[in-house]
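**Q** need a 3D model of the following:
(2 chains)
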2 protein chains.
Amino acid sequence: MIGISAAAQAMTSSAIREILKITQRPEVISFAGGLPAPELFPVAEIKAATDRVLTDQPTAALQYSTTEGHLPLRSWIADRSAITADHVQITSGSQQGLDLLGRVLIDPGDVILVESPTYLGALQAFSPYQPEFAEMITDDDGIVPEALDDQLRTHPAKLLYTVPTFQNPTGRTLSAARREQLLEVTRRHDVVIIEDGPYNELRFRGERLPTLYELALADSGDPDEVNVIMLGTFSKVLAPGLRDAWVQGPRPVIEKLVLAKQAADLHSPTLNQMIIAELLDDVLPRQIKIISAAYGERAQVMIEAVRRQFPDGVDCTDPDGGMFCWVTLPAGSGLDTAAMLAQAVDRNVAYVPGEPFFAGPGGANTLRLSYVTSTAEQIRSGVAALAAVIGNQLSAGSAAAPRLR
Amino acid sequence: MIGISAAAQAMTSSAIREILKITQRPEVISFAGGLPAPELFPVAEIKAATDRVLTDQPTAALQYSTTEGHLPLRSWIADRSAITADHVQITSGSQQGLDLLGRVLIDPGDVILVESPTYLGALQAFSPYQPEFAEMITDDDGIVPEALDDQLRTHPAKLLYTVPTFQNPTGRTLSAARREQLLEVTRRHDVVIIEDGPYNELRFRGERLPTLYELALADSGDPDEVNVIMLGTFSKVLAPGLRDAWVQGPRPVIEKLVLAKQAADLHSPTLNQMIIAELLDDVLPRQIKIISAAYGERAQVMIEAVRRQFPDGVDCTDPDGGMFCWVTLPAGSGLDTAAMLAQAVDRNVAYVPGEPFFAGPGGANTLRLSYVTSTAEQIRSGVAALAAVIGNQLSAGSAAAPRLR
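**A** Now for the predicted structure:
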């Protein structure tokens, strides 16, 4: 009866979130989530911080506030990059940052370059603004700058979206050399980079790399002249339920983000921002160490189990940080990980099929595994179950394949 | 350097919010805010509720959660209307409800009927979706159904946005008889009503009227067949800084709202929703009584002062609830309340000029006053100062007017 807009008619439910609903049965070992490990949440510290905020500044915490966000929080974020608070907009999770950037930067038909695969939530956030997605060639070191340069010569683009560090879904990290090259290529072709960095702090191996934003700022010296807009979040290092993240970038972009957010939800909850501001100096650095160490141990268990148990020809990334690794089944096997999920769930193990992470065709033979919310024992038995499913499917596939010709 | 989208180029700063920034000087008596009275926030109760939530359910409060919102909160909202939780979507303030409804319902060029004047925030929320706004004829009892019927015969519309109870900005309430008439007219012309009810509970005089949603549901008996979508919020009855509100309506609309919200910000903060869920049974009804009584006293002081001190020919509404009254200067005076604001602020009193509340032309001779964040003494001296400004302007205007011809 009620007329739905064309944009809303095009919206379909997220595969990931629908699967998450299925796999909440306690007997299922879920590698499907994008959720941080809840047993590491700093509950006592959040409780104490909340009590302080509501004791000392109840009116500020509970009243309407500015769209830009809580100034002490913005200033802390700004100080880390040697910029000022007016280069920072607080958002309700990075998902909102992506949505608002879509509003502010995308006209219908604008070309956005994305990794292949890319973060599904970004595709969902940008799609309502009707861009054209163009996939970039990537390898184990992330975006291949030379290939991008070639691509841009014949196919110009306005924006480039990337998760350069411990990417979702692959766990891959753009190498140091390629970061400089990527900046050079995008500047030459007048492309603006949207750098999404939710996992930046969660390194468990190797040395920290500078963000694209940091490199661009070091080059230009003027935060209003960088061609990088960066998203950061407290979801993965404190707690996602507080919904606090930010966008930092040139002021002309931030000023429009403020107006877009004003129309979208006025401002993010003040109480939540003040709680986080209380945790920045002591709790946050401690949490980063705790979480990185725990995730590193769990990643190691998963990668070892995968190497030991997955059939030959199945590839898996080996991340230096973050929450995910990425499995590729033999390309010629004809296996579809979306169809295979039912068999996996029958054996009480869940993952996310890879296809929805691709803006273009392909990816049916890929899947994403999260290692962060399972114990070592669960990881081992989940990987064993999944190895059996893949093994069965590969045998069945080889047997079935000739019949399909 | 960075290309801004056409939609973002069209965004301009909200007059209201810019003025709010100016008038935060402590010596200014501000009737400009749309903020509830902070001294009435139930701080101790919120603190106790937060402590309970973080003690009993820390993981649920701090982890990612469902887009639809916290089920106990949705169920409580649903029970009040004898509907089910799947007719309810939690939003981050009603501003987000308006934005998401815009996404889900508006195609470019769709006609939305609005009151004259209407709530500025709704115009801001809907505008990015490029509707055409059409003003309805209103009087002291709200929308005039006969006039609307005539208008719709020649000018069809898809949506009708209304704040029928203690409207922002006028404080007016749609009469009981007109509520039934409005439903009849809109059903006959196939128009969907968006009923915004942030002040519904804040009645300080007269009897409660049923909402349009309640009437439509009583008529149809099927919550999926009503032509009314209602927005409610905890901002005005508990605390706006928590940013918790909801949309209730037919499931096909709610299902699309869920997808739109998933792309926009995944979900509203769980902690905040759980805090509010703790306050529903005891604290909320008590707060509604406390706030309504306090606002009623302040409204009375303001209306009395306005009647005693404003020059002849200046009209002011006399609301039965809510937060605002609406002042109309003599139409022929040529006075512009936006221009007059500087004189008012010089005398340490602030208001919101009326013009931005009109989707169409006109309204330069109107202004909005909020009575809820000032003491009786402040209200009296603020009104006196404003009366002097208006008086001066009217004399100057009469003197100046001939020279302008």
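
**Q** beyond the host helix or strand of residue A:284, next helix or strand please.
**A** Per DSSP states H and E, residue A:284 falls inside helix A:283-309. Using DSSP H and E, the helix or strand that follows helix A:283-309 in sequence is strand A:315-316.

**Q** can you name the next helix or strand after that following strand?
**A** With DSSP H and E, the next secondary element past strand A:315-316 is strand A:324-328.

**Q** helices or strands next to the next helix or strand along the chain from that next one in the packing?
**A** With elements assigned by DSSP H and E, the helix or strand that comes after strand A:324-328 is helix A:337-346. In terms of contacts (3 or more Cβ pairs under 8 Å, 6 or more residues apart in numbering or on different chains; DSSP states H and E), helix A:337-346 is packed against helix A:15-22, strand A:352-353, helix A:376-404. Glycine gets a C-beta too; all of them are placed from N, C-alpha and C.

**Q** so where is the stretch 301-405 of chain A shaky, pLDDT-wise?
**A** Within the stretch 301-405 of chain A, the ranges that satisfy pLDDT under 70 run A:397-405.

**Q** tell me where the stretch 51-200 of chain A has helices.
**A** Remark: helices assigned in the stretch 51-200 of chain A by DSSP state H, counting those that start in this stretch are A:58-62, A:71-80, A:93-105, A:120-126, A:145-154, A:176-188.

**Q** now those helices in CSV, with distance to chain B?
**A** Output for the helices of the stretch 51-200 of chain A, formatted as CSV (distance: least, Cβ to the nearest Cβ, whole Å):
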stretch, distance to chain B
helix A:58-62, 4
helix A:71-80, 13
helix A:93-105, 4
helix A:120-126, 5
helix A:145-154, 16
helix A:176-188, 10
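
**Q** most tightly surrounded among the ones you listed?
**A** Mean neighbour count, computed with mean count of other Cβ atoms under 10 Å in any protein chain shown, is highest for helix A:93-105 among those, reaching a mean of 28.

**Q** what's that one packed up against?
**A** strand A:88-91, helix A:120-126, strand A:192-196, strand A:228-233, strand A:245-248, helix A:251-265, helix B:6-9, helix B:251-265.

**Q** for the most centrally placed residue in chain A, give me its contacts.
**A** Ranked by distance to the mean C-alpha position of chain A (Cα atoms, centre = their mean), the top residue is residue A:168 at 4.6 Å. By Cβ atoms under 8 Å, 6 or more residues apart in numbering or on different chains, the contact list for residue A:168 reads A:34, A:119, A:198, A:199, A:322, A:323, A:324, A:368.

**Q** from residue A:222, how far off is it?
**A** Note on residue A:168: its distance to residue A:222, by Cβ to Cβ, to the nearest Å, is 31 Å.

**Q** residue A:239 against residue B:63, yeah?
**A** Yes - under the criterion of Cβ atoms under 8 Å, residue A:239 makes contact with residue B:63 at 7.3 Å.

**Q** higher neighbour count, those two?
**A** Applying other Cβ atoms under 10 Å in any protein chain shown to residue A:239 and residue B:63 shows that residue A:239 carries more neighbours, namely 31 against 19.

**Q** ok, now how distant is that one from residue B:275?
**A** 15 Å.

**Q** need the helix or strand of chain A with the lowest average pLDDT.
**A** helix A:15-22 (a mean of 62; mean pLDDT, DSSP states H and E).

**Q** contacts only, for the closest residue to chain B within the stretch 301-405 of chain A.
**A** When scored by Cβ to the nearest Cβ, the stretch 301-405 of chain A has residue A:373 as its residue closest to chain B, at 9.8 Å. Residue A:373 makes contacts with A:30, A:33, A:35, A:36, A:37, A:38, as judged by Cβ under 8 Å, 6+ apart.

**Q** what pLDDT is listed against residue A:12?
**A** pLDDT for residue A:12: 74.

**Q** returning to what we had before: what residues are shared contacts of residue A:239 and residue B:63?
**A** Common contacts of residue A:239 and residue B:63, defined by Cβ under 8 Å, 6+ apart, comprise A:36, A:41.

**Q** residues near the closest residue to residue A:257 other than its chain neighbours, how many?
**A** The shortest distance from residue A:257 to any non-neighbouring residue, by Cβ to Cβ, 6 or more residues apart in numbering or on different chains, is to residue A:89 (4.5 Å). Neighbourhood size, residue A:89 [other Cβ under 10 Å]: 29.

**Q** so how far is residue A:248 from residue A:89?
**A** Residue A:89 is 8 Å from residue A:248, by Cβ to Cβ.

**Q** which neighbours do the two share?
**A** residue A:254.

**Q** now do the contacts for residue A:86.
**A** With Cβ under 8 Å, 6+ apart, residue A:86 has these contacts: A:68, A:251, A:254.
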